[in-house]
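Asker: Below are the sequence and a predicted model; questions follow.
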Amino acid sequence: MKTKKHFSVSRRETPWNDNEMITPSQAYIKTVYQNHYFQKHSPLLKSGEDTFLNNYAPDKCPVCGSLHFHKDGKTKNNIQRYRCKDCDKRFTVITGTIFEDHKLPVGEWIEYCLNLFHHVSLSSDSRNNKNALSTSVFWLHKLFLILNDYQDNFKLSGTVYLDETYYTVIRKNVVKKTNGSKPRGISRNKICIVTAMDDHHVYCSVCGYGKPSSRRMTKVLEGHIETDSTLIHDGESAHNSLICEYHLKEETYTTKETKGLSDKDNPLYPINHLHFLLKNFLKAHSSFKRSDLTGYLNLFSFIMNPPDNDLEKVDYLLNSALKRVVKLKYRQYFSVKP
């Protein structure tokens, strides 16, 4: 049976690492297995990331914000180092970013991101990339920091589809009636996710528990729909305040009207298909903490939105990561005692 120990175990480990008395087959398995590991994880100095990172220069000191600094040699991994003239602290272009103190090459983020874009689970990614599962989880939450405000400035316009989908709370948080039974239908045991889309962008956000109220709906979509757009929706009453506030035209198609229609005949197919993709994405990470749902929705929105090419998306993330001073320490995230 697997325990929590397996969560952080290195993919380099074999049952015979500390055993000199092993059989020929065990020695062969160990050699081949570890060779695969080292092929995946080249030393930082040989990974080529120094050439990549040294093409970037910091805008300011990440410690005090001063604009006055100068070059001060290089690190052991050949990364350009700087010294601040005001606070006298030394730093590199990755100081204060998600790559600070990294042990694995930055280049490994490329395959990691590509896996996420294609709904590969974290456990599968950790096996494919020969990383501990804890590394895949930790990196995901670093991405959440980079994408934290990704959807903040989205403004949908023209023809806008709007609907809600729901995701169940974890079992220990399920609310029951006094007789011990679970409430039926859309209750507080369901997290409401508002989804909206136009011809260019997708927007997703948590909207409380159970069916949304007009107040919650307006707050979630505040500033995200252009005035005078056309709203295509299912007639949910919580949408009425949006329609009034943003002077929206509307096309309403109730569940009764669309039931049994083929995809090509269903006017709500675009938003229904978006829900299908979202559920598949969340299913790949089904054991996630519900408190992290906003992070997953930001990531899903990023996956669905331009640019369409996956490598261009990776390029965006790498550049965003190098420009943002956001740190997350491994011990801090997992609350590991020193």
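Answerer: Arrived safely.

Asker: ok, Arg90 - contacts?
Answerer: 72, 81-84 (Cβ atoms under 8 Å, 6 or more residues apart in numbering). Every residue, glycine included, has its C-beta placed from N, CA and C.

Asker: want to try JSON lines for the residues you listed, with neighbour count and pLDDT as columns?
Answerer: Listed next are the contacts of Arg90 as JSON lines, based on neighbours: other Cβ atoms under 10 Å; pLDDT from 0 to 100:
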{"residue": "Asp72", "neighbour count": "13", "pLDDT": "96"}
{"residue": "Arg81", "neighbour count": "14", "pLDDT": "97"}
{"residue": "Tyr82", "neighbour count": "20", "pLDDT": "98"}
{"residue": "Arg83", "neighbour count": "15", "pLDDT": "97"}
{"residue": "Cys84", "neighbour count": "22", "pLDDT": "97"}
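
Asker: quick one: average confidence on stretch 290-310?
Answerer: In this model, stretch 290-310 has an average pLDDT of 96.

Asker: Tell me the buried residues in it?
Answerer: For stretch 290-310, the neighbour count (16 or more other Cβ atoms under 10 Å) marks 293-305 as buried.

Asker: Now the two most distant members of those residues.
Answerer: Across these, no pair lies farther apart than Leu293 and Asn305, at 18.3 Å, counting by Cβ to Cβ.

Asker: related to what we said a few turns ago, can I get the buried residues of stretch 290-310 in TSV including secondary structure?
Answerer: Formatted as TSV, the buried residues of stretch 290-310 follow (DSSP: H, G, I helix; E, B strand; the rest coil):
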residue	secondary structure
Leu293	helix
Thr294	helix
Gly295	helix
Tyr296	helix
Leu297	helix
Asn298	helix
Leu299	helix
Phe300	helix
Ser301	helix
Phe302	helix
Ile303	helix
Met304	helix
Asn305	coil
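
Asker: could you redo those residues as TSV and give each row distance to Asp59?
Answerer: Converted to TSV, those look like this (distance: Cβ to Cβ, whole Å):
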residue	distance to Asp59
Leu293	33
Thr294	29
Gly295	27
Tyr296	31
Leu297	30
Asn298	25
Leu299	27
Phe300	31
Ser301	28
Phe302	24
Ile303	29
Met304	31
Asn305	27
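
Asker: Closest one to Arg331 out of the residues you listed, please.
Answerer: The closest of these, once distances to Arg331 are taken by Cβ to Cβ, is Gly295, at 20.1 Å.

Asker: what about the longest helix in the chain?
Answerer: helix 24-40 (DSSP state H).

Asker: what's the distance between that helix and the middle of its chain?
Answerer: 33 Å (Cα atoms, centre = their mean, to the nearest Å).

Asker: domain assignment for the chain?
Answerer: What automatic domain parsing lists as the domains of the chain is 46-91, 159-305.

Asker: rank the ones you listed by mean pLDDT and give me the bottom one.
Answerer: Among the domains of the chain, domain 159-305 has the lowest mean pLDDT, at a mean of 91.

Asker: how about TSV for the domains of the chain, with distance to Ser134 added?
Answerer: Compiled in TSV, the domains of the chain are given as follows (distance: least, Cβ to Cβ, whole Å):
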stretch	distance to Ser134
domain 46-91	21
domain 159-305	14
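
Asker: Could you check how far the nearest residue to Ser213 once chain neighbours are set aside is from Arg215?
Answerer: Distance criterion Cβ to Cβ, 6 or more residues apart in numbering; nearest residue to Ser213, sequence neighbours excluded, is Ala238 at 6.0 Å. Separation of Ala238 from Arg215 (Cβ to Cβ, to the nearest Å) stands at 9 Å.

Asker: More neighbours: these two, which one.
Answerer: Neighbours were counted for Ala238 and for Arg215 using other Cβ atoms under 10 Å; Ala238 has more, 20 against 11.

Asker: ok so, going back, any buried residues in the following helix or strand past the longest helix of the chain, and which?
Answerer: Using DSSP states H and E, the helix or strand that follows helix 24-40 in sequence is helix 49-53. Neighbour counts over helix 49-53 (16+ other Cβ under 10 Å) mark 49-50, 53 as buried.
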